[in-house]
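Participant: build me a model:
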Amino acid sequence: MEETDVIVLWGSNARDAHPIFFHHVLKGIRNGAKLFVIDPRRTSTADWADSHLRLRVGTDIELALAVAREIIHAGLTHDAFLANATEGYEAFKAHVEPWTLERGEATTGVPAALIRGLAHAYARADRAQLCWTLGITEHHNAVDNVLSLIHLGLLTGHVGRPGSGINPLRGQNNVQGGGDMGALPHKLPGFQDVEDDVVRARYDALWGRPVPPKKGWHLTEMFEAMRRNELRALYVIGENPAQSEADAGHIKGLLTSRDILIVQDMFMTRTAELADVVFPGSAAWVETDGTVTNSERRVQRCRKALDPPGEARDDVWILAELSKRLGHDMGNPTPEQLWDELRLLSPMHGGMSWARLEAMDGIQWPCPTEDHPGTRFLHERLWAQPRGGRAAPFTLVDPDPPVDQLTDEYPIRLTTGRRLDEYNTGVQTSQYKNPLRKRETIDLAPADCARLGIEEGATVTVTSRRAAVRVTARIDPGLHAGLAFMTYHDADDVDTNLLTIEATDPKAGTAEFKATAIRVERDRPHGPASDLHAAHA
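Facilitator: Numbering: from 1, shown residues only. You can find the predicted model right below:
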């Protein structure tokens, strides 16, 4: 990020949501990189941009198609890379042909000149980074959104080489590690397919128990199974769905109607408050030994510095003790023993011995053997002659507008996100005093406030098709008419996710937090702002 020529932040207010990462962006800017920000709001990140493309919420695919067509028509594709590394280009080229700059402007609201400027700067750069976050993935067509951005990297060859890449920014330090370890319903550790008989046989042999041969449910499918009463028991580890999931009122009803709800967490979250049993877990980064994996696939050691307080216990100890009581004694496995077991089963971790992780201060997977240095660039194989592995495919995706449609009754588009002083549902941040922290607001465009007769600091009622909440209004000049913004940091103040829609991406299971249809009305004074969902249900 510090040694690139163009940085594109698409659907990412990194200055507030990823502040440490944004310091690296700033170093890149100081080294001469140009910053392009694609975001419906004029955020603190956009304030640093050379160009800010303020698209309408839910038109990311349309914008990407227009950028792709301009790159192709301007003759700026990396033809050698396309021929060696990709497949499906000719069909993709025909697919984007209707998406002229003029059509892109009419659909997205972004001026044609800005679309052209982004296309030419990104394609002409020797090195370019394209990064995205939840502004791309928290939509009902999240996977298609991501694919549309990947296509831009493939067209220009900005993949798998120094200073160039396509990067989803992770929200926590070990999100990558969780997926690597098999915390996915269709994958075993090392991203191996659970429905692959050969792969599964290795696990069966080592564990002495058969691994279920079919993929499980992802989070959205789990809640759908709860509605059908097919999922009756729930064990929640380090997750707070009572506050973090869309249409929160409905979600809480599902959680409280299970035969048993178990929560394992280091905090008494809103979900833990609903549980039948709570296991107090540990802070993995300081109270346990183990590993973490960051966004660049680097596996690093973490080392215990403190004992967990009170009756809190190491999470591995809790799971081992529970296993013993369920009839299988796995002993008292150490982190190193667990890691060695992983290396036996996951080829991409095979060369990462505990000693090498210590000595090298981290190794990037894949690292198949103990003489392998790790892989600095994940997709560098695409540049090999002949190419290593399968070609990178172009996938034809079409625009699909937000599910929660705007109408005369619900004329304003609510999008959600984070503020600099808090993180997600506030579990990890809200207990600390912070001079930046203010009560939750709904940020509204000046034009909407003038039209509705709402002044700064007024209490308003925000109503969606699911619920209503009362909240303080804040006028934000960075919003265009018809767009509003809220966070879900403090449900005790305002439970924003009562408003959001549970429309989800069928492939990824992510909910459309970024596109809720609402109306806003000035409130009559009767006490502090609070939620009204009980009356609205």
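Participant: dihedrals phi and psi, the most centrally placed residue in the chain?
Facilitator: By Cα atoms, centre = their mean, the chain has its centre lying nearest to L134, at 4.7 Å. Dihedral pair for L134: phi -70, psi -20, per degrees, to the nearest 10.
Participant: wait, what's in contact with it?
Facilitator: G11, S12, A17, G171, G417, F513, K514 (Cβ atoms under 8 Å, 6 or more residues apart in numbering). Glycine gets a C-beta too; all of them are placed from N, C-alpha and C.
Participant: E70 contacts G117, doesn't it?
Facilitator: No - using Cβ atoms under 8 Å, E70 is not in contact with G117, being 9.7 Å away.
Participant: between these two, who's got more neighbours?
Facilitator: E70 (24 against 17; other Cβ atoms under 10 Å).
Participant: for that one, give its distance to T133.
Facilitator: Distance of E70 to T133, computed by Cβ to Cβ, to the nearest Å: 24 Å.
Participant: out of the contacts of L134, grab the one that's most surrounded.
Facilitator: Most surrounded of the contacts of L134: other Cβ under 10 Å gives S12, at 28 neighbours.
Participant: give the burial count for the closest residue in space to it that isn't next to it in sequence, as a bare number.
Facilitator: Nearest residue to S12, sequence neighbours excluded (Cβ to Cβ, 6 or more residues apart in numbering): T133, at 4.1 Å. Other residues near T133 come to 23 when the count uses other Cβ under 10 Å.
Participant: out of the contacts of L134, which is nearest to E311?
Facilitator: Among these, G171 lies closest to E311 (Cβ to Cβ), at 29.1 Å.
Participant: contacting residues around the closest one?
Facilitator: Listed by Cβ under 8 Å, 6+ apart, the contact partners of G171 are A17, H18, T133, L134, N424.
Participant: closest to G190 among these?
Facilitator: T133 (25.2 Å).
Participant: tell me the pLDDT at that closest one?
Facilitator: According to the prediction, T133 has pLDDT 93.
Participant: re the thing from before, next up, the contacts around the residue nearest to S12.
Facilitator: G11, S12, A14, A17, H18, P168, L169, G171.
Participant: D371 against G350, yeah?
Facilitator: No - using Cβ under 8 Å, D371 is not in contact with G350; the gap is 11.2 Å.
Participant: so which of the two has more stuff around it?
Facilitator: G350 (19 against 7).
Participant: can you pull the domain assignment for the chain?
Facilitator: Using automatic domain parsing, the domains assigned to the chain come out as 6-169, 175-364, 412-536.
Participant: which stretch in those domains has the least confidence?
Facilitator: For these, where the average pLDDT is lowest is domain 412-536, sitting at a mean of 84.
Participant: what are the contacting residues of the host helix or strand of V37?
Facilitator: For V37, the host element (DSSP states H and E) is strand 34-38. With contact meaning Cβ under 8 Å, 6+ apart, strand 34-38 is reached by 5-12, 25, 28-29, 43, 45-46, 48-53, 55, 60, 63, 118, 121-122.
Participant: likewise stretch 69-87?
Facilitator: Residues from elsewhere that reach stretch 69-87 (Cβ under 8 Å, 6+ apart): 89, 93, 96-97, 99-101, 115-116, 119-120, 122-124, 152, 154-157, 159, 382-383, 385, 387, 391-394.
Participant: so which of those are in strands?
Facilitator: Of these, the ones assigned to strands by DSSP state E are A392, P393.
Participant: filter the contacts of stretch 69-87 down to the buried ones, PyMOL style.
Facilitator: Restricted to buried positions by 16 or more other Cβ atoms under 10 Å, the PyMOL selection for the contacts of stretch 69-87 reads:
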select buried, resi 89+93+96+99+100+101+115+116+119+122+123+152+154+155+156+157+159+382+383+392+394
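Participant: thank you kindly, that will do.
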